[in-house]
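Peer 1: Structure for this input, please:
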Amino acid sequence: MKKKMLMMFLGMITLMIYPVSAFAAEGPAAPDLQIGLDTAFTFLAFILVFFMQSGFALLEAGSVRMKNAGHVAGKTVLTLAIASLCFWALGFGLGFGNGNSFFGTTGFFYGGDSTASAFESLAFSDVTLNTKFLFQMAFAAVSLAIVSGGMAERAKLSVYIIFGILFSVVIYPVVAHWVWGGGWLAELSMQDYAGSTVVHLTGATAAVVATILLKPRLGKFNKEGKPVIIPGHNQVFTVLGVIILWFGWFGFNPGSALSPMGGFFGHVALTTNIAAAAGGLAALAASWLYFGKSDIPAMLNGVLAALVAITGACAFVEPWAAIIIGLIAGAFTFMTSQWLERAGLDDPIYAFSVHGIAGMWGALSTGLFAAPDLIEQGALVGKAGLFYGGGFHQLGVQALGVVGTFVFVAVMSFVILYVMKMVMGIRVTEEEELMGLDISEHGTYGYPEQMKLISESESKTLKH
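Peer 2: The predicted structure is shown next:
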């Protein structure tokens, strides 16, 4: 029954987005039906990935203080708009256009399906190019959303705009070209099915550079240098945000098959889901052992870390390996987040631990667990992992990809942000940070009634 409903739903979308002329009076030809179905499937995946932005908005807004909630939620829409336009203008061509081993040189200011010859790296699928563009644009927007999370509660709004534009033009597309656009890592057959490296490690590396240059929020560390807990204002928001992201990940990973034919996307969905579940439980257990109490935010980050890790490996590994990948990602992310915080890093949403460390682990995991039958069945990239007799070759390729991506993104991000810091400043003033970015950047609070009551209460306290 569920399978029939899915096929009916995809059929309805096909009728809406596929040219009616393809269905002549005598009925559609089999190739036309398959193209239409594949395009509908990919468009549905795009919708799910696009909807993940609402998950980021809830997760990040709930993770910060009330006085910054409106600002943090609103900049999600801002960065989504920036990524959409920049990817259309230059990012898609640099990432997937025909070119050299480092970046594309064709297809700028994307002009639609008629420009397909400029994007040979995407010719493996008959999905319409417009739909492929939308799908890849949604990935670029997710990567930028990760970057902005690490800047929360002290970065100027102008930083999100300027760095967002440059990230969407000269950083993310280059890495995407290396791995997915026919670049040097693609030539080495690096395995990254849906973006543990391309999307998550790229975004997280830029985020950690921004976090370091911005320096910690006021009051985050005491006089002895020990971290002080700054709880988010709404844990319910963060839970809802993670559930939406988990839901959207079924567009991220299974959608990367670009087709429902053969049912391989079902295997990808299975490994994605069980890895996420394992990661959440592992992080919860780790927090219980560390704090003596189970920590809900740790569990949520464990789910996300496992999803990040399995993103690159979901098509290459068997279910048992997916659970191991998720368990390690969840537990390791919790431990690294605590270590980095004690070392002086103030990352409000733990972007580097969740998306960076877990992204590295996800990339390396295929070098260990990639199964040869799955590579032949649907993944179609690279060689078997170490535990399947493939030796160290694929693991070496994966490690090279991780190091190359991290170094490139870190250097580019540092140069851009350091110049911005010297020229215009990247952090709000102490007074603006204390009053909150809602009021200092936008002139109004996200929670105006509650913040008014808090302000009145503080004034009475000072008078007495």
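Peer 1: Look through this protein and tell me its longest helix.
Peer 2: helix 30-63 (DSSP state H).
Peer 1: just checking, what packs against that helix?
Peer 2: For helix 30-63, the packing partners by 3 or more CB pairs under 8 Å, 6 or more residues apart in numbering; DSSP states H and E come out as helix 2-17, helix 69-86, helix 129-149, helix 235-252. Backbone N, C-alpha and C define where each C-beta goes, glycine included.
Peer 1: at 10 Å instead, please
Peer 2: The contact analysis (3 or more CB pairs under 10 Å, 6 or more residues apart in numbering; DSSP states H and E) places helix 30-63 against helix 2-17, helix 69-86, helix 129-149, helix 235-252, helix 296-313.
Peer 1: Turn those into CSV, including mean pLDDT, distance to Q34 and mean neighbour count.
Peer 2: Shown next, in CSV, are the helices and strands packed on helix 30-63 (pLDDT from 0 to 100; distance: least, CB to CB, whole Å; neighbours: other CB atoms under 10 Å):
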stretch, mean pLDDT, distance to Q34, mean neighbour count
helix 2-17, 56, 10, 12
helix 69-86, 95, 29, 22
helix 129-149, 96, 14, 25
helix 235-252, 97, 20, 20
helix 296-313, 97, 26, 30
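Peer 1: Next, format these as CSV and append distance to R217.
Peer 2: Listed next are the helices and strands packed on helix 30-63 as CSV, based on distance: least, CB to CB, whole Å:
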stretch, distance to R217
helix 2-17, 44
helix 69-86, 13
helix 129-149, 14
helix 235-252, 18
helix 296-313, 17
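Peer 1: So which of the ones you listed is nearest M412?
Peer 2: Across the helices and strands packed on helix 30-63, M412 has its closest neighbour in helix 129-149 (11.9 Å, CB to CB).
Peer 1: pLDDT averaged over stretch 107-125 - what is it?
Peer 2: Across stretch 107-125, the average pLDDT comes to 93.
Peer 1: Name the residues that touch it?
Peer 2: For stretch 107-125, contacts defined as CB atoms under 10 Å, 6 or more residues apart in numbering pick out 35, 38-39, 42, 87-99, 104-106, 128-133, 135-137, 176-177, 180-183, 186, 257-259, 380.
Peer 1: If we use 8 Å, what do you get?
Peer 2: With contact meaning CB atoms under 8 Å, 6 or more residues apart in numbering, stretch 107-125 is reached by 38, 88-90, 92-94, 96-98, 104, 106, 128-130, 132-133, 180-182, 186, 258-259.
Peer 1: Please apply the same query to stretch 45-55.
Peer 2: By CB under 8 Å, 6+ apart, stretch 45-55 touches 76-77, 80, 131, 134-135, 138-139, 141-142, 145, 240-245, 247-252, 254-256, 258.
Peer 1: mean confidence for it?
Peer 2: Averaged over stretch 45-55, pLDDT sits at 97.
Peer 1: how distant is that stretch from the center of its chain?
Peer 2: Computed by CA atoms, centre = their mean, to the nearest Å, the separation of stretch 45-55 from the middle of its chain amounts to 11 Å.
Peer 1: Just want the angle from whichever strand or helix holds Q338 to helix 296-313.
Peer 2: Take DSSP states H and E as the rule and Q338 turns out to sit in helix 319-342. Comparing the axes of helix 319-342 and helix 296-313 via axes from the mean of the first three to the mean of the last three CA atoms, to 10 degrees yields an angle of 130 degrees.
Peer 1: Does the helix or strand just after helix 319-342 pack against any helices or strands, and if so which?
Peer 2: Counting by DSSP H and E, the next helix or strand C-terminal to helix 319-342 is helix 351. With contacts defined as 3+ CB pairs under 8 Å, 6+ apart, the packing partners of helix 351 are helix 129-149, helix 202-214.
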